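Visitor: Sharing a model that was predicted from the sequence below.
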Amino acid sequence: MGFLRPTRGCAFVLGHPAGAREARQRIGYLPEGYAFYTAFAAPILLDIFGRFFRLPVAERRTRIERILKDFDLWRARTLPIGKYSRGMRQCLGLAQALVNDPKLLILDEPTSGLDPRGRRMVRELLLRYKSEGATVFLCSHILSEVETICDRVAILDRGRIVREGTLKELIGGHRGYEIRFAPIERMMLDRVRALGANVELVEGECRTFVTDELLAQRIVEVVRSSGGVLKAYIPTMRTLEEVFLELTGRYLAPSSSEEA
Amino acid sequence: MSGLFVQARLTVRRAMASRMVLAVVLLALLILALTSVGLTVVVEEGTSSSVRSEGVMVLFALLAGGLGNFVALVLGATLVRTDLREGTILSVLSKPIPRWAYVVGSYGGSVLFLMLVWGIFVLLFLGLAYVLEVEVTRTHAWILLGRVLLALVLLSTAFFFSLFTSAWVAAALALIVYYGDSFAALLASLLRPVVGTVSERTRALLGYPFPATDRLDFLYGMLSGQLLDTPAVGLLFLHLADYAAVMLALAVWVFERKDIGPGLES
């Protein structure tokens, strides 16, 4: 965004040097803990911001009304921002980032301070922007949100990228297979165990978890051939959180710098 | 260019939203009332009504000028500093506005607001002259212009210093510069045992960074009947104007090179 002067090197955003006015013309930006001019009402603030983008008056008005309605802020349009709740402010922060209909959205913790309804609303809105061709650059500690919205993910640990790639590349294929079946004869159970599976009796059913797909299929065959009843065959995925913990360690870093 | 005007507009709206205008009008009216009452009590009996009226007007101008300077100081020291401290600057600079336009726009907006405040003072001053049946002369206009330029100097210096430091320190430094001509005179007298009598030229050079407020105290000049002649007034006005311009240029230069971000400002 051009806030910090580069020590070396150069970067380009949307074909323009990072921080250039031409680039910012097409960027929507929401920093973490967004600060407002709290004495203004939301439409006034958005109107001023719209003027920075040289939006014509009619377009500005229409867009501001639509955005405020999208975020359910239209009813509070006459209130000064200082009287908004934290969630409403966060929504307004997002609204101001969308006022220029950006091609690139840079968002730092966009759902911070929002209740589940607000989070869902923001998620759906971002997915809509994404589907319309905009790029969403999201920085978040809520990894489930990242999994839902992002195609590519970079994991940061203490300010350095420790892994980067598509979501599929990071999470990989199936983590393993959970197999549940009704109790079978002891001899058959021993056959399953002999394959290398650790079978446990839980809530009246046998359960096992294996990582190898071939092994999982052999267990299923053994269970079926012994007349057992297969209750569930569940391929399980790794989560981004597990990948994150694997890469960064399970303990908190001295500074809260780990982000995805 | 449009970014500059939008920023100026935003600055004026921020200042208006702070209800500073209302406070200024109320304070100016209070000053007016106190001045009138004070002079009625203090001025000796037998003094002609025209002298008394002139006294009311001069005192009002003096006190309103002080209030104008206070507004200038507050505007200069707090506007950009608040943006930097609270992080609202990120919401503006993430929009397609060059940094110089942000600085010049903020400054321009502050000047516009200051002019609005001075406009209120002028209206009150003219109203007072009408009520007291005092003729408004060219001298009054000179006084007004001088006071406005001095307020601009305060605004510019406080604005410049607020880019580096807290609003309080910026205001204090601006006041030091504002009254710095006295320091130049003090320095010249301190140097006298070492270098002998300091020439008028050196004295002028030492005093150049300061806006020469002592010599510009027109109200005092008017009260004492020692008004400066027109050419000298013109030069001093020029000095005040170039001072404000130089401070603004310095502010732009500094701001273009400044790193901005959360946690970078106290």
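Guide: Nice, thanks for sending it over. Quantities reported herein were computed from a predicted structural model and do not represent experimental measurements.
Visitor: so where's the chain shaky on pLDDT?
Guide: All of this is about chain A. Of all residues in chain A, those with pLDDT under 70 make up the ranges A:173-174, A:250-260.
Visitor: Wait, chain B was what I had in mind.
Guide: Within chain B, the stretches with pLDDT under 70 are B:1, B:36, B:38-49, B:181-184, B:198, B:200-237, B:262-266.
Visitor: ok, now which ones touch the residue sitting nearest the centre point of it?
Guide: For chain B, the residue lying nearest the average C-alpha position, counting by CA atoms, centre = their mean, turns out to be B:A151 (1.1 Å). The contact partners of B:A151, by CB atoms under 8 Å, 6 or more residues apart in numbering or on different chains, come to B:G65, B:G68, B:N69, B:V71, B:A72, B:L114, B:W118. Where you see a C-beta, it was placed from the backbone N, CA and C, and this is true even at glycine.
Visitor: same thing but 7 Å
Guide: Counting by CB atoms under 7 Å, 6 or more residues apart in numbering or on different chains, B:A151 touches B:G68, B:N69, B:A72, B:L114.
Visitor: And the nearest residue to it once chain neighbours are set aside, how far from chain A?
Guide: Ranked by CB to CB, 6 or more residues apart in numbering or on different chains and with sequence neighbours excluded, the top spatial neighbour of B:A151 is B:A72, at 4.0 Å. Between B:A72 and chain A the computed distance is 21 Å (CB to the nearest CB, to the nearest Å).
Visitor: how close does B:A72 get to A:G82?
Guide: Between B:A72 and A:G82 the distance is 26 Å, computed by CB to CB, to the nearest Å.
Visitor: Which of those two has more residues huddled nearby?
Guide: In this view B:A72 and A:G82 are compared by other CB atoms under 10 Å in any protein chain shown, and B:A72 has more residues nearby, 29 against 11.
Visitor: Who are the contact partners of the closest residue to A:T78 other than its chain neighbours?
Guide: Nearest in space to A:T78, with sequence neighbours left out and distances taken as CB to CB, 6+ apart, is A:A41 at 5.8 Å. With contact set as CB under 7 Å, 6+ apart, A:A41 has these partners: A:R77, A:T78, A:L79, A:P80.
Visitor: Does A:F137 lie in a helix or a strand, and which?
Guide: Under DSSP states H and E, the secondary-structure element containing A:F137 is strand A:135-139.
Visitor: Do a quick rundown of the helices in the stretch 1-150 of chain B.
Guide: Counting by DSSP state H, counting those that start in this stretch, the segments of the stretch 1-150 of chain B that form helices are B:2-17, B:20-42, B:49-86, B:88-93, B:99-132, B:138-161.
Visitor: buried stuff in the last one?
Guide: Neighbour counts using 16 or more other CB atoms under 10 Å in any protein chain shown place B:140, B:142-144, B:146-161 of helix B:138-161 among the buried residues.
Visitor: Report all helices and strands that the helix or strand just after that helix contacts.
Guide: Under the assignment DSSP H and E, the closest C-terminal helix or strand after helix B:138-161 is helix B:167-178. Packed against helix B:167-178, as judged by 3 or more CB pairs under 7 Å, 6 or more residues apart in numbering or on different chains; DSSP states H and E, are the following elements: helix B:49-86, helix B:138-161.
Visitor: Tell me what angle the first one forms with helix B:2-17.
Guide: Angle, helix B:49-86 to helix B:2-17, by axes from the mean of the first three to the mean of the last three CA atoms, to 10 degrees: 120 degrees.
Visitor: B:D259: how many residues sit nearby?
Guide: Residues near B:D259, counting by other CB under 10 Å, number 9.
Visitor: and A:V202, how many neighbours does it have?
Guide: Neighbouring residues of A:V202 were enumerated by other CB under 10 Å; the total is 9.
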